[in-house]
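A.B. asks: Okay, here's the prediction I keep looking at, along with the sequence it came from:
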There are 2 protein chains.
Amino acid sequence: MAKKYTEKYTIPSYECDRSDYLKIPTLVKILIKISGSQSEELGVSDAYVHSFGLGWIILQHDIKIIRLPKSGETVALTTEATSYNKFFCYRKFWIHDEEGNECVLMETTFAMMDLKARKMGSVLDEIVAPFESEKIKRIKRGEKILPVEEVKAKKDYLVRYYDIDDNQHVNNAVYLDWMLDVVDIDWMSDYIPVAISIKFNKEIRYGEIVDSSYQQGETELSLHQVLVNEAVCAEANIRWQPKD
Amino acid sequence: MAKKYTEKYTIPSYECDRSDYLKIPTLVKILIKISGSQSEELGVSDAYVHSFGLGWIILQHDIKIIRLPKSGETVALTTEATSYNKFFCYRKFWIHDEEGNECVLMETTFAMMDLKARKMGSVLDEIVAPFESEKIKRIKRGEKILPVEEVKAKKDYLVRYYDIDDNQHVNNAVYLDWMLDVVDIDWMSDYIPVAISIKFNKEIRYGEIVDSSYQQGETELSLHQVLVNEAVCAEANIRWQPKD
């Protein structure tokens, strides 16, 4: 078993939507943040990783939402870097409520970027050793993501100053903001996501124009894509269910 | 002296810009949030205020930034509802760093909205009594805000799903996101705000198209406005200085 790391988090109302549910992009941000906190605690901070000419990149999130927490709740955010192979690191994240019920499970695939060559690098043992992750041979595939085939609705977004993080590209959580903002407002009022898979193909930079579009798949499944100059930068599938 | 209320806050990297400075809209959100926490602690929550058919609205923020905090810092957020008169409530907010140095002072003017009539209501003594604010006769004016006379740059924004808060209109912090996003990127890289005054005239709703524009005033002063259908919804003046 790899080392687990937990932090408490009280959900402020400004991180919630009009119905007081935690915003989905924030859900991703608060979880990714604790993997950074664990890395710092174990002496393998981003600065240490940079010293090898490497940086973490996120390839995919697979999120299961059993119950989306609401404003004012104090939840426990937990993470565990479960396993890794030559090119990929697999990490799990959980959100538990005050009664200890599991609310969210997120499984994320990370890789290393060779910062000079701007391509994927190998995972170094010295970077992952402190997490006590299992070294595996096989490649684990995230959920398969169905592509958009027929666009139902789209909107364009000009990348904003504050969308860019300290990696100098758009933060991975912003893609979900673009994807969800395109969804019909009545649908957003009546339904809630229960499963989200999002795959990142290509980084997006300041000043680029993003085309976010979606399609209704089966009744309670939506298919999403984010394009820049017609290149697919991210794709997602979201499964929904009616709100209580 | 009115009652003070303080909370600690550790600044997560996802609330920071590409240079690791706390995002300005977040600065406003975390401060406004603690006024809500104080109100709840004193038994005058938003729900209590709503029971009188009233809701709080924000008219103006005057922000002085001595030093903008950075990612990872643990700061103290403090607020005090200093005084009020028949129509307005005046509140101060501070951010202090770990050494106790004052980093930010924000002075905010609130008013009560009569939720049914959609116009300003009177401030009720029972709502403000628990804060032990001083009752005053005079009207305190916020900083005078110079209007935009000649637009230097503008961008349009379609209000997003997540811009709307539980009051069903655009959260006051989002206006600053629109205002700062229009500013020249080189200026944003080289300069930092040291004083911001923003005045809210008109609420903005989902689906509206916002026109954010600005003008360089004197060398280190920028003048901002946010329009919907040519009506001025908010105006701001920002004073800047070169980053260290």
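C.D. replies: That came through fine. Everything numeric here is computed off the predicted structure, so don't read it as measured data.
A.B. asks: alpha carbons only for contacts and neighbour counts from here, please
C.D. replies: OK.
A.B. asks: Torsion angles phi and psi at residue A:151?
C.D. replies: phi -70, psi 130 (degrees, to the nearest 10).
A.B. asks: In contact with the closest residue to residue A:202 other than its chain neighbours, which residues?
C.D. replies: Spatial nearest neighbour of residue A:202, excluding adjacent residues (Cα to Cα, 6 or more residues apart in numbering or on different chains): residue A:233 at 4.5 Å. Shown in contact with residue A:233 (Cα atoms under 8 Å, 6 or more residues apart in numbering or on different chains): A:200, A:201, A:202, A:203, A:204, A:225, A:226, A:227.
A.B. asks: And the pLDDT for the second one?
C.D. replies: The per-residue pLDDT reported for residue A:201 equals 95.
A.B. asks: That one contacts residue A:231, doesn't it?
C.D. replies: No: at 9.2 Å, residue A:201 and residue A:231 do not qualify as touching, with contact defined as Cα atoms under 8 Å.
A.B. asks: Between these two, which is the more surrounded one?
C.D. replies: A count of neighbours by other Cα atoms under 10 Å in any protein chain shown puts residue A:201 above the other of residue A:201 and residue A:231, at 15 against 12.
A.B. asks: dump the residue contacts of residue A:123.
C.D. replies: Counting by Cα under 8 Å, 6+ apart, residue A:123 has contacts A:85, A:86, A:87, A:88, A:89, A:111, A:112.
A.B. asks: Throw those into a markdown table and include neighbour count, distance to residue B:144 and secondary structure, thanks.
C.D. replies: Converted to a markdown table, these look like this (neighbours: other Cα atoms under 10 Å in any protein chain shown; distance: Cα to Cα, whole Å; DSSP: H, G, I helix; E, B strand; the rest coil):
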| residue | neighbour count | distance to residue B:144 | secondary structure |
| --- | --- | --- | --- |
| A:85 | 20 | 61 | coil |
| A:86 | 16 | 61 | coil |
| A:87 | 15 | 58 | coil |
| A:88 | 23 | 56 | strand |
| A:89 | 26 | 54 | strand |
| A:111 | 23 | 52 | strand |
| A:112 | 21 | 51 | strand |
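A.B. asks: what's the distance between the residue nearest to residue A:202 and residue A:61?
C.D. replies: To residue A:61, residue A:233 is 14 Å away according to Cα to Cα, to the nearest Å.
A.B. asks: Three-state assignment for residue A:28, please.
C.D. replies: helix (DSSP: H, G, I helix; E, B strand; the rest coil).
A.B. asks: Please, which helix or strand holds residue A:105?
C.D. replies: Residue A:105 is located in strand A:102-114, with elements delineated by DSSP states H and E.
A.B. asks: cool, residue A:127 as well?
C.D. replies: Going by DSSP H and E, residue A:127 is in helix A:125-128.
A.B. asks: In terms of secondary structure, what does whatever helix or strand comes next after that helix contact?
C.D. replies: Scanning forward in sequence from helix A:125-128 by DSSP H and E, the next helix or strand is strand A:134-135. Other elements packing on strand A:134-135 under the criterion 3 or more Cα pairs under 8 Å, 6 or more residues apart in numbering or on different chains; DSSP states H and E are strand A:74-84.
A.B. asks: Show residues contacting the strand it packs on.
C.D. replies: With Cα under 8 Å, 6+ apart, strand A:74-84 has contacts from A:1-11, A:30-31, A:34-35, A:89-98, A:131-136.
A.B. asks: Now a PyMOL select for only the buried ones of the residues you listed.
C.D. replies: Selecting only the buried entries of these in PyMOL, with 16 or more other Cα atoms under 10 Å in any protein chain shown as the criterion:
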select buried, chain A and resi 2+4+5+6+11+30+31+34+35+89+90+91+92+93+94+95+96+97+131+133+134
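A.B. asks: Take the contacts of strand A:74-84 and keep only those in helices.
C.D. replies: A:30, A:31, A:34, A:35 (DSSP state H).
A.B. asks: Go through the contacts of residue A:233 and single out the one with the most neighbours.
C.D. replies: The most crowded member of the contacts of residue A:233, judged by other Cα under 10 Å, is residue A:226 (28 neighbours).
A.B. asks: Just confirm that residue contacts residue A:179, I think it does.
C.D. replies: Yes: at 7.3 Å, residue A:226 counts as touching residue A:179 under the criterion of Cα under 8 Å.
A.B. asks: which one of the ones in helices among the contacts of strand A:74-84 is nearest residue B:164?
C.D. replies: residue A:30 (20.4 Å; Cα to Cα).
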